[in-house]
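K.L.:
Below: sequence and its predicted model.
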Amino acid sequence: MAENAAMMHEFLIKAAGLGAIRGERVLFSDLSLEVKAGEALVLRGANGAGKSTLLRMLGGLSRPDAGAVERPARHHWIGHRNGLKPHETPRAHLSHWGRVWGSNADAREIARQMGIERPFDVAGRLLSAGQKRRTAVARLLLADRPLWLLDEPFSALDTQGRVLVTDLIDEHRASGGAVIAALHGDAPFQASGEVQL
Amino acid sequence: MKSPSPLRAAFRQALGEAWAGGAGVLLPIGFFAGAAMLVPFTVGSEASQLSSIGTGILWVALALASLVSMERVFQADLEDGVLELWAQEETPLFLVAAAKIIAHWLVSGLPLVLLTPPIGIALQVDPGALVPAMLAYGLGGLAFFLWGGVAGALAASVARGGLLISLLALPLFVPTAIFGALATIEGPGGPSLLFLSATTLFALSIAPFAASAALRLAVD
């Protein structure tokens, strides 16, 4: 699926002339970007510079104050909130989104891969921040979507978790996917481009 | 590939959330029964007096009880980040909103309708009229939950939005309350039941779109 989308279009996502206004302040203006299969774009900037705002515009959550986003490929989203409900176990979370997307993937196998097999049946409110983050990342493995939009994907993750997610991003790019990630600190993967806000 | 079933999943998730809330499901039921049972103590237990206002009291209690747990229906999804996941899916958001409201009605609204006969008896309403009246209470209750859902979606990003929900939803309840009250007095077969059905169909056709527009604003 990832390769199909990449072949049909030159790009997986393209934004032209994006601008964002918060109150009286211009966060960014005339921002253009394009991401093709296999690429990884890193969004950088100080707190409040507009990384999340930009990512939300790219994902279609916020309407751009100027410019337009073109997104021919389907995408996965990890926001700064994990999308895990307090009563929801990783098992319930993965089977819920598996149902939504019609996934055939084995949720337990994905959980094992993400290192959340042990708390597989523990309610979300009892999980550690890192375990919640791992559950959110595990969601991406349920369905093959070419574009991943990630807001601070490494937050709350331990060293092993960072390695896991880095490997996933590398694999995803190798199979024709692309990633746009808002990050602070060094990118543990080889970025193909950077947007400084 | 299994076929995607996003609406079934949304419905299941909403049901699961309602049960996981512990006593949350019982809150509207307790409120409904409690509000109705206070009436004989406040207006007097004279049978003729009670029976003339009994069906109306049930409508008022039903309208208020339908709002008590509406605050969390969409607010929880917004706080968990689940709403921003739904908002990026290809599934139309109005269908997801409708699935959530209907699930909420099934868990919290339908039990209220089943409770109207015993409470009605306590309020000296003619027992023979109570079972047919359940149809009117069911239709009216669904409309109350749909409008309440719109108000809940509008107030999703407001901390302690309960007051806002009541202020937004109660005016929308008026047509349903008018025709509902007439329908329970007339009994089945009267024209008011048809008008009541019309108000419920109107709510069913408008509320999901209004709720989804409000949710898009909340998630932005």
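P.N.:
Here it is on my side, so go on.
K.L.:
The closest residue to B:Ser3 other than its chain neighbours: neighbour count?
P.N.:
Spatially, and ignoring its direct neighbours in sequence, B:Ser3 is nearest to A:Gly102 (5.2 Å; C-beta to C-beta, 6 or more residues apart in numbering or on different chains). Yep, even glycine has a C-beta here, placed from its N, CA and C like the rest. Residues contacting A:Gly102 under the criterion other C-beta atoms under 10 Å in any protein chain shown number 15.
K.L.:
Model confidence for whichever residue of chain B sits closest to chain A, exactly?
P.N.:
Chain B approaches chain A most closely through B:Gly81 (2.8 Å), counting by C-beta to the nearest C-beta. pLDDT for B:Gly81: 94.
K.L.:
give me phi/psi at the residue lying closest to B:Leu164 once chain neighbours are set aside?
P.N.:
Take B:Leu164 and drop its neighbours on the chain: the residue closest to it by C-beta to C-beta, 6+ apart is B:Ala155, 4.5 Å away. Main-chain torsions, B:Ala155, degrees, to the nearest 10: phi -100, psi 10.
K.L.:
and stretch B:128-136, how far out from the chain's middle?
P.N.:
In terms of C-alpha atoms, centre = their mean, to the nearest Å, the centre of stretch B:128-136 is found 18 Å from the chain centre.
K.L.:
Report the buried residues of that stretch.
P.N.:
Residues of stretch B:128-136 classed as buried by neighbour count (16 or more other C-beta atoms under 10 Å in any protein chain shown): B:129-130, B:133-136.
K.L.:
residue contacts, B:Ala203?
P.N.:
B:142-143, B:146-147, B:172, B:176 (C-beta atoms under 8 Å, 6 or more residues apart in numbering or on different chains).
K.L.:
Can you get me a residue count around the residue nearest to B:Leu164?
P.N.:
Counted with other C-beta under 10 Å, B:Ala155 comes out at 25.
K.L.:
Report the contact partners of it.
P.N.:
Neighbour list for B:Ala155: B:71, B:75, B:161-162, B:164-165, B:168 [criterion: C-beta under 8 Å, 6+ apart].
K.L.:
cool, B:Gly148 as well?
P.N.:
Here B:Gly148 is in contact with B:66-67, B:70, B:165, B:169 (C-beta under 8 Å, 6+ apart).
K.L.:
same thing but at 10 Å, please
P.N.:
B:63, B:66-71, B:73, B:101, B:104-105, B:108-109, B:165-166, B:168-170, B:172-173, B:203, B:207, B:211 (C-beta atoms under 10 Å, 6 or more residues apart in numbering or on different chains).
K.L.:
Tell me the helices and strands packed up against the helix or strand hosting A:Val26.
P.N.:
A:Val26 belongs to strand A:25-35 when assigned by DSSP states H and E. Identification of packing neighbours for strand A:25-35 by 3 or more C-beta pairs under 10 Å, 6 or more residues apart in numbering or on different chains; DSSP states H and E yields strand A:13-22, strand A:40-44, helix A:51-59, strand A:66-70, strand A:178-182, strand A:193-196.
K.L.:
one step back: can you name the two of the contacts of B:Ala155 that sit furthest apart?
P.N.:
Using C-beta to C-beta, the two most remote members of the contacts of B:Ala155 are B:Gln75 and B:Leu168, lying 14.1 Å apart.
K.L.:
now the residue most central in space within chain A, nearest residue through space, not along the chain?
P.N.:
Centrality entry for chain A: nearest residue to the mean C-alpha point is A:Leu150, 2.6 Å, by C-alpha atoms, centre = their mean. Spatial nearest neighbour of A:Leu150, chain neighbours left out: A:Ala181 (4.3 Å); criterion: C-beta to C-beta, 6+ apart.
K.L.:
Next one: the one you found from A:Arg108, what distance?
P.N.:
Counting by C-beta to C-beta, to the nearest Å, the gap from A:Ala181 to A:Arg108 is 27 Å.
K.L.:
Counting neighbours, go ahead and name the busier of these two.
P.N.:
A:Ala181 (24 against 13).
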